[in-house]
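J.: Just a sequence and a predicted model for now, questions to come.
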Amino acid sequence: KQEVTQIPAALSVPEGENLVLNCSFTDSAIYNLQWFRQDPGKGLTSLLLIQSSQREQTSGRLNASLDKSSGRSTLYIAASQPGDSATYLCAGTGRDYGGSQGNLIFGKGTKLSVKP
Amino acid sequence: NAGVTQTPKFQVLKTGQSMTLQCAQDMNHEYMSWYRQDPGMGLRLIHYSVGAGITDQGEVPNGYNVSRSTTEDFPLRLLSAAPSQTSVYFCASSYSDRGGTEAFFGQGTRLTVV
């Protein structure tokens, strides 16, 4: 069964730091990978989607990469700001759940706190 | 620009009651799904649908029913609520279940069963 691990579980940094969040999969047969942001009591906001033929995606200060051979993904946040404080979730689609590529398998998240 | 809309946002049920959580999307997405989010467990798939009239079970389907009579709507029914179903429920949709389509989530329904 596919399992997703996110490290660290929590991270506190001063404003302005560059940081890396990690995500790893037990089964490297990942089709697509998506990073989400979740604010307390809110839904999930999609940040970046890495499709099966891609290795990385960038949006503003965010860069996500995927190494399928090792089953690992990283989310890089440049020049962090207090507004970046949230829980970050990674999720992949694979061959679980009857092979539907739409079914997401989630990590438990990294709770990020950026202090002014 | 509604996206994925879930109702209600909050609900308290008594053990044994039934209810339906509503989910609607206005993006003409084929694929829809329901997840529950519990502390320390992450998000887990309950049921999913790859198109109108087609549904299938996810990781934790027991105690829940779904149907998909239209492309837009994917309601989740709790047949006889139990305290173990206290959770936050999220509905998601994407254009299709084939290759690299972005998933969009609703704002969630926070359910408490007493």
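T.: Looks like it arrived, so ask away.
J.: Could you list the residues of chain B in contact with chain A?
T.: Chain B comes close to chain A at residues B:31, B:33, B:35, B:40-45, B:48, B:50, B:56, B:58-59, B:90, B:92, B:94, B:96-108, as judged by Cβ under 8 Å from any Cβ of the partner chain. (C-beta placed from N, C-alpha, C; glycine too.)
J.: Which members of these are classed as buried?
T.: In the residues of chain B next to chain A, burial by neighbour count holds for B:31, B:33, B:35, B:42-45, B:48, B:50, B:56, B:58-59, B:90, B:92, B:94, B:97, B:100-101, B:103-108, counting by 16 or more other Cβ atoms under 10 Å in any protein chain shown.
J.: what helix or strand is the residue nearest to residue B:102 when sequence neighbours are not counted on?
T.: Counting by Cβ to Cβ, 6 or more residues apart in numbering or on different chains, residue B:102 lies nearest to residue A:49, which is 4.7 Å off, once chain neighbours are set aside. Using DSSP states H and E, residue A:49 falls within strand A:44-50.
J.: ok, then the element right after that strand?
T.: strand A:56-59.
J.: Quick check: buried residues in that next one?
T.: Here strand A:56-59 shows residue A:57 as buried, counting by 16+ other Cβ under 10 Å.
J.: Then stretch A:6-22?
T.: A:6, A:11, A:13, A:19, A:21.
J.: What is the most widely separated pair among those residues?
T.: Largest separation among these by Cβ to Cβ: A:6 and A:13, giving 16.2 Å.
J.: and the closest residue to residue A:90 other than its chain neighbours, how many neighbours?
T.: Residue nearest to residue A:90 in three dimensions, not counting chain neighbours: residue A:23, with 3.6 Å by Cβ to Cβ, 6+ apart. The criterion is other Cβ atoms under 10 Å in any protein chain shown. On that basis, residue A:23 has 26 neighbouring residues.
J.: Residue A:23: what secondary structure?
T.: strand (DSSP: H, G, I helix; E, B strand; the rest coil).
J.: Pull the contacting residues for it.
T.: Contacts here follow Cβ atoms under 8 Å, 6 or more residues apart in numbering or on different chains; on that basis residue A:23 touches A:4, A:5, A:6, A:33, A:35, A:72, A:73, A:74, A:75, A:90, A:107.
J.: Alright, calling it a day.
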